[in-house]
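Engineer: Structure, please.
(one chain, ligands or ions: 1)
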Amino acid sequence: MQWDAVILGLGGIGSSVLAETATRGLRVLGVDRFDPPHAMGSSHGGSRVIRLAYFEHEGYVPLLREAFESFDRLSRDSGVSLIHRTGLLQGGIEGNEISRGTLASAQRHGLRVESLTGRDASRRFPAFDLPDAWELVYEHDAGFVRPEETIRAQLRRARAAGATIRTNTEVIDFEDDGRKVRVRFADGSVVEAGALVVAGGAWAPKLLAQYASMRAFNLTPTRQVILWIGRSDGTDGLAAFGTSAMPVWLFEDGEGGAPYGIPAFAEMGSPSGLKVGVHQHGGDAVDPASMNREVSSRDASAILARVARRVRAAREATVVSTATCLYTESHDGHFVIDALDPLAPNVLVATACNGHAFKFVPVLGKVLAEGIQDRSSLLSGPTAFLRKTGVV
Ligand SMILES: Cc1cc2nc3c(=O)[nH]c(=O)nc-3n(C[C@H](O)[C@H](O)[C@H](O)COP(=O)(O)OP(=O)(O)OC[C@H]3O[C@@H](n4cnc5c(N)ncnc54)[C@H](O)[C@@H]3O)c2cc1C
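Structural biologist: I've put the predicted structure just below:
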């Protein structure tokens, strides 16, 4: 059988592309080297921040409006609550980039956000202990989405629309002769398709390394550590942090990167309490196949110490669970959503999550499905999609 498209990788982005293509009536095959959702890539840990005012670039805002609507629609259709609007408090030291960029984006798009000093924020959210002069922005409707549940819902939607899914199946390589793509699996079998979408997350850089067009983006997988912190006596960690009243937060504290925290509810499949990490670009390159997936006590105490300076209850908290995860970084922090190469026009690439792509997955699924149906929407060169939407 010849497929209209093969989707390589069924994580956050690939599962969305599979659902979008299948519901458009395309004959699609989705493959993944593991059995998604899983904890080996970039889409696990129970939660991902979603926000509308975007400090990375104001051009993302129209995509984000669509993303919020899409998550609401997917929640209704799947019967699973995929988005939690907890509010978001972000910013930090005087002149910090997060507040500056967030306010610029809010102003440009007429978004409702509030500017707060550290003093205001600590009064309003007593869980925090922030320096009085900090400059922060509060976005009421922001919050978090649930990555594993989103992937499950997208895969159910894809299957219901007729997609074929092969898990525990690794793509070894592919070849585009200009008319069709031949995709080869680890067991030696080969399939042919009109298009291939490479949504391989942190494995994509190695798979695409031979293409000069991709080398220009300097795609680099980096190791990230996340912790769940709670109370050592085992009582409800959530209550200890006041997280029912605590927004998601991200603080540029002047120490490199930005510590963040997301309330963790027991029904999300993790310990209840607070999930914390440090959002930081420019880490050392790792290979997802051999990366150290153990979290050392040194890793954990460095994060906990920074969190404890800003969150009162973290001073008495213990680390109750840990995980590692992967960012795939590019030279400029923006995603790569594009045709691979003039020599491989039927191969589309969705990579370089840069630690901020999950909130966009329903939109990226649509953009790539459109790209499969009408290559001209993607074929005008590197970063064409982002240029078209005004992001770069
Ligand atoms: C700690 C952490 C925090 C983050 N926080 C946020 C946040 O708050 N908000 C936000 O929007 N984003 C956030 N992100 C980023 C977001 O989670 C990622 O952008 C997103 O999950 C990437 O999805 P993906 O589909 O590219 O990768 P993945 O979900 O990892 O999917 C890639 C899939 O490809 C499969 N695969 C790879 N190679 C092959 C092959 N050769 N053959 C077959 N299958 C293959 C893998 O098994 C995997 O399932 C965060 C990321 C991390 C790590």
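
Engineer: tell me the SS of residue 46?
Structural biologist: Using DSSP: H, G, I helix; E, B strand; the rest coil, the structure places residue 46 in coil.

Engineer: In contact with it, which residues are there?
Structural biologist: Counting by Cβ atoms under 8 Å, 6 or more residues apart in numbering, residue 46 touches 146, 147, 148, 264, 268, 269, 270, 275. C-beta coordinates here come from the backbone N, C-alpha and C atoms, glycine included.

Engineer: got it, and residue 364?
Structural biologist: Per Cβ under 8 Å, 6+ apart, neighbours of residue 364: 13, 16, 17, 335, 337, 350, 357.

Engineer: Cross-check those residues against the ligand and keep the overlap.
Structural biologist: Applying Cβ under 6 Å from any ligand atom to these, one finds that 13, 357 fall near the ligand.

Engineer: among the contacts of residue 46, who's most crowded?
Structural biologist: Compared across the contacts of residue 46, residue 264 has the highest neighbour count, 28 neighbours, by other Cβ atoms under 10 Å.

Engineer: Residues of the stretch 151-300 of the chain that sit close to the ligand?
Structural biologist: Proximity of the stretch 151-300 of the chain to the ligand (Cβ under 6 Å from any ligand atom) is limited to residues 170, 171, 199, 200, 201, 203, 207, 224, 226, 277.

Engineer: Around the ligand, which positions in the stretch 1-150 of the chain sit nearby?
Structural biologist: Counting by Cβ under 6 Å from any ligand atom, the residues of the stretch 1-150 of the chain close to the ligand are 8-14, 31-34, 36, 41-43, 48-49.

Engineer: Looking at the residues you listed, which are in strands?
Structural biologist: Among those, the members found in strands (DSSP state E) are 8, 31, 48, 49.

Engineer: ok, and the most crowded of those?
Structural biologist: For these, counting by other Cβ under 10 Å, the largest number of neighbours falls to residue 8: 27 neighbours.

Engineer: what ranges do the strands span in the stretch 1-150 of the chain?
Structural biologist: Assigned by DSSP state E, counting those that start in this stretch, the strands in the stretch 1-150 of the chain fall at 2-8, 28-31, 48-50, 83-84, 88-92, 114-117, 135-139, 143-145.

Engineer: need the contact list for whichever residue of the chain sits closest to the ligand.
Structural biologist: With Cβ to the nearest ligand atom as the measure, residue 11 is the residue of the chain nearest to the ligand, at 2.0 Å. Counting by Cβ under 8 Å, 6+ apart, residue 11 touches 32, 36, 37, 41, 42, 43, 151, 199, 201.

Engineer: Give the closest residue to it in space, chain neighbours not counted.
Structural biologist: residue 43 (4.6 Å; Cβ to Cβ, 6 or more residues apart in numbering).

Engineer: Tell me where the protein is predicted with low confidence.
Structural biologist: Scanning the chain for pLDDT under 70 picks out 1, 232-244, 377-392.

Engineer: Map the structural domains onto the sequence of it.
Structural biologist: With domains defined by automatic domain parsing, the chain comprises 2-45+148-218+332-388, 83-145+220-329.

Engineer: Just give me how far the shortest one sits from the chain centre.
Structural biologist: Taking Cα atoms, centre = their mean, to the nearest Å, the mean C-alpha location of domain 2-45+148-218+332-388 is offset from the chain mean by 15 Å.

Engineer: Please apply the same query to the last one.
Structural biologist: Its chain's C-alpha centre lies 15 Å from the corresponding centre of domain 83-145+220-329 when counted by Cα atoms, centre = their mean.

Engineer: hey, where'd the helices end up in the chain?
Structural biologist: Secondary structure of the chain (DSSP state H): helices at 12-23, 61-78, 97-109, 118-124, 147-160, 204-207, 212-215, 237-241, 297-310, 361-373, 384-388.

Engineer: Of those, flag the one that's most buried.
Structural biologist: helix 12-23 (a mean of 29; mean count of other Cβ atoms under 10 Å).

Engineer: by how many degrees do that helix and helix 361-373 diverge?
Structural biologist: Angle, helix 12-23 to helix 361-373, by axes from the mean of the first three to the mean of the last three Cα atoms, to 10 degrees: 50 degrees.

Engineer: Quick check: buried residues in stretch 23-37?
Structural biologist: Residues of stretch 23-37 classed as buried: 23, 26, 27, 28, 29, 30, 31, 32, 33, 34, 36, 37 (neighbour count, 16 or more other Cβ atoms under 10 Å).

Engineer: Could you check how many residues crowd around the nearest residue to residue 340 once chain neighbours are set aside?
Structural biologist: Computed as Cβ to Cβ, 6+ apart, the closest residue to residue 340 that is not its neighbour in sequence is residue 347, at 4.1 Å. The number of residues packed near residue 347 is 24, by other Cβ under 10 Å.

Engineer: so what's residue 347 up against?
Structural biologist: Going by Cβ under 8 Å, 6+ apart, residue 347 touches 174, 176, 181, 195, 196, 197, 198, 339, 340, 341.

Engineer: and what of residue 326?
Structural biologist: Going by Cβ under 8 Å, 6+ apart, residue 326 touches 41, 42, 201, 202, 221, 222, 223, 224, 286, 288, 291.

Engineer: same question, residue 299
Structural biologist: 225, 322.

Engineer: Also residue 135?
Structural biologist: Per Cβ under 8 Å, 6+ apart, neighbours of residue 135: 91, 92, 93, 94, 95, 96, 99, 115, 117, 118.
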